[in-house]
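In: give the three-dimensional model of this entry:
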Amino acid sequence: MSLGNIVKRLQDIMRQDPGINGDAQRIEQMVWILFLKVYDAKEEVWEFMQTDSPYTSIIPEPLRWRNWAVDHKDGNALTGEKLLNFVNNELFPQLKNIEIDENTPMNQIIVQRAFEDNNNYMKDGILLRQVVNVIDEIQFEEYEDRHAFGEIYETILRSLQSAGNSGEFYTPRAVTDFMVRMIQPKLGESIADFACGTGGFLTSALKALDAQVSSAEDRELYSSSIYGIEKKALPFLLCATNMLLHDIDKPQIIHGNSLEKNVRDYSDADRFDVILMNPPYGGVEKDGVKQNFPTDLRSSETADLFMSVIMYRLKKNGRCAIILPDGFLFGTDNAKMAIKEKLMSEFNLHTVIRMPHSVFAPYTPITTNILFFDKTSPTEETWFYRLDMPEGYKHFSKTKPMQLSHFAPAEAWWNNRVEINEDGFDKAKKYTIAEIAERKYNLDLCGYPHEEEEILPPDELIKQYRQKRAALNREIDAILAKVEEMLGIKVEDI
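Out: Model prediction:
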């Protein structure tokens with residue numbers, strides 16, 4: 001069965017429905033239906049494998065996919081107003097209110113978590129039946145179709161990326177794969193992402209672990225290796241679905257906010273061997289969230305707060321790779337200075353990869369970097385490496401995204417580190433901790449000296465300026481929030 005155009009088919013149907021407004025809602029609608037289909041396929045496997053006692057689903061029997069969604073072509077399938085009434089007044093209310101407790105297994109908890117913040121937007125029951133039928137065509141119990149879900153999944157993520165502000169959930173697969181290749185996770189290690197989005201880092205890590213599986217015991221280690229937390233409902237649902245399709249039957253994916261726990265309360269049991277992250281930038285958290293951090297580490301920038309969470313949750317000898325914006329490297333406010341000083345005095349920041357611009361296009365023009373560090377010793381020296389734009393590219397885009405092959409120069413250099421100077425500018429260079437401290441922890445080193453002015457078509461130029469304006473507005477809002485907090489006033493009150 002050809003699955004390449006399934007997302008387009010679904011979107012074309014939903015565009016006719018008066019209840020759905022824009023791509024973001026179409027994607028959310030598609031994903032909760034897809035989750036139920038996938039979950040039902042997994043339940044068939046669990047029913048077969050559980051031989052000691054009958055398997056009991058946490059989903060009430062009439063609400064299981066097989067009992068309402070499958071169209072047996074006998075004229076009895078729910079459709080029209082009957083289907084809408086069922087979904088709005090039975091399916092969603094009951095799944096949102098499933099009772100769970102400390103004894104409920106994670107593979108059942110995720111059903112309630114998946115629906116607690118989601119909604120049915122469709123108002124045309126006939127169109128809803130068409131959407132359900134298209135998704136029911138996918139037979140996830142067949143290996144080929146399960147494998148092909150990767151194509152559907154990537155299409156959904158690309159759609160998310162271009163659906164307004166939902167692009168924040170997507171880190172290009174080339175970037176996550178490169179970071180995992182450099183970190184080299186091993187079976188038996190615990191791997192975490194505290195803002196996991198749709199699970200890109202986790203799936204890249206699982207791909208690396210899967211190649212190491214050679215026994216039933218290895219498969220058990222594989223199945224219990226990953227942990228993720230995601231604040232927003234849509235990416236959480238995508239991540240949970242993706243974990244099920246990667247044979248993580250009890251995915252430790254939490255729907256919550258990693259910043260809402262006091263970092264001083266973490267114990268050894270809360271720490272991980274490997275942490276992989278692309279935290280959100282420029283976000284604003286509730287004032288109470290800052291109280292969860294020591295006074296000197298409190299920041300209005302979410303990326304700074306996540307850096308602190310990582311430092312409190314990385315195991316002894318653990319390894320981390322994290323994507324951070326340029327602002328973290330050269331930032332001189334008190335919190336950033338304190339975070340960087342703590343990082344380099346308690347951890348070994350051994351490598352910083354400067355990434356080219358537009359890696360995250362079209363969502364944001366912000367230039368980013370990958371920081372690699374471990375908890376083995378204080379930093380003695382840090383290598384900086386500038387990854388240049390590949391030959392033939394002026395910028396990345398939806399049609400010309402970054403590829404894993406573009407990291408080849410960085411991978412070759414990684415295992416044979418030498419200082420590189422091109423046209424009088426440093427491309428790769430090692431700095432001692434004394435030199436970095438003398439720079440007041442300004443890590444803006446081996447940057448991009450030759451940014452050529454590019455003449456873009458008018459529509460792309462307007463879009464780029466709007467993206468830059470939005471990014472600047474977020475930065476200004478964060479600074480204003482900090483000033484207001486210090487003064488105890490609201491600017492609009494002046």
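In: next SSE downstream of the lowest-mean-pLDDT helix or strand in the chain?
Out: Counting by mean pLDDT, DSSP states H and E, the chain has its least confident helix or strand at helix 143-161, which shows a mean of 60. Using DSSP states H and E, the helix or strand that follows helix 143-161 in sequence is helix 173-183.
In: that following helix - what's its average pLDDT?
Out: Averaged over helix 173-183, pLDDT sits at 96.
In: which residue would you name as the spatial centre of the protein?
Out: Closest to where the C-alpha atoms of the chain average out (C-alpha atoms, centre = their mean) is residue 197, at 2.8 Å.
In: what's near enough to touch residue 300?
Out: Residues in contact with residue 300 (C-beta atoms under 8 Å, 6 or more residues apart in numbering) are 284, 290, 478, 479, 481, 482, 485. In short, each C-beta sits where N, CA and C put it, glycine included.
In: now, these that are in helices?
Out: Assigned to helices by DSSP state H, the following of the contacts of residue 300 qualify: 290, 478, 479, 481, 482, 485.
In: out of these, which two sit at the greatest distance?
Out: The most widely separated members of the ones in helices among the contacts of residue 300, counting by C-beta to C-beta, are 290 and 479 (15.1 Å).
In: neighbour count: those two, which is higher?
Out: residue 290 (17 against 13; other C-beta atoms under 10 Å).
In: what's the spacing between that one and residue 473?
Out: Distance check for residue 290 against residue 473: by C-beta to C-beta, to the nearest Å, it reads 21 Å.
In: again with residue 15
Out: Using C-beta to C-beta, one gets 31 Å for the distance from residue 15 to residue 473.
In: what does residue 185 give?
Out: For residue 185, the distance to residue 473 - C-beta to C-beta - is 38 Å.
In: what about the two, which has more around it?
Out: Using other C-beta under 10 Å, the more surrounded residue of residue 185 and residue 473 is residue 185, with 22 against 11.
In: tell me the SS of the more buried one?
Out: Under DSSP: H, G, I helix; E, B strand; the rest coil, residue 185 falls in the coil class.
In: with the one 4 residues further on instead?
Out: Reducing the assignment to helix, strand or coil with three-state DSSP, the entry for residue 189 is coil.
In: run a quick neighbour tally on residue 298.
Out: Neighbour count of residue 298, defined by other C-beta under 10 Å: 20.
In: ugh, typo on my part, it should be residue 422
Out: 12.
In: tell me which other helices or strands the strand ranked longest in the chain touches.
Out: Ranked by number of residues, the top strand in the chain under DSSP state E is strand 314-325. Helices and strands touching strand 314-325, as assessed by 3 or more C-beta pairs under 8 Å, 6 or more residues apart in numbering; DSSP states H and E, comprise helix 173-183, strand 272-277, helix 302-313, strand 368-374.
In: pick the most deeply packed of the ones you listed.
Out: Of the helices and strands packed on strand 314-325, the one with the most neighbours on average (mean count of other C-beta atoms under 10 Å) is strand 272-277, at a mean of 24.
In: how about residues contacting that one?
Out: Contact with strand 272-277 is made by 176, 179-180, 183, 185, 189-195, 201-202, 204-205, 227, 306, 310, 313-315, 317-323, as judged by C-beta under 8 Å, 6+ apart.
In: okay, angle between it and strand 368-374 too, please.
Out: 170 degrees (axes from the mean of the first three to the mean of the last three C-alpha atoms, to 10 degrees).
In: hmm, back to that, of all the helices and strands packed on strand 314-325, which one is nearest residue 400?
Out: Among the helices and strands packed on strand 314-325, helix 173-183 comes nearest to residue 400, with 12.0 Å by C-beta to C-beta.
In: partners of the helix or strand just after the closest one, with directions?
Out: Going down the chain from helix 173-183, the next helix or strand is strand 191-193, by DSSP H and E. Within its sheet, strand 191-193 is paired with strand 226-230 (parallel), strand 272-277 (parallel), according to DSSP bridges.
In: good, wrapping up.
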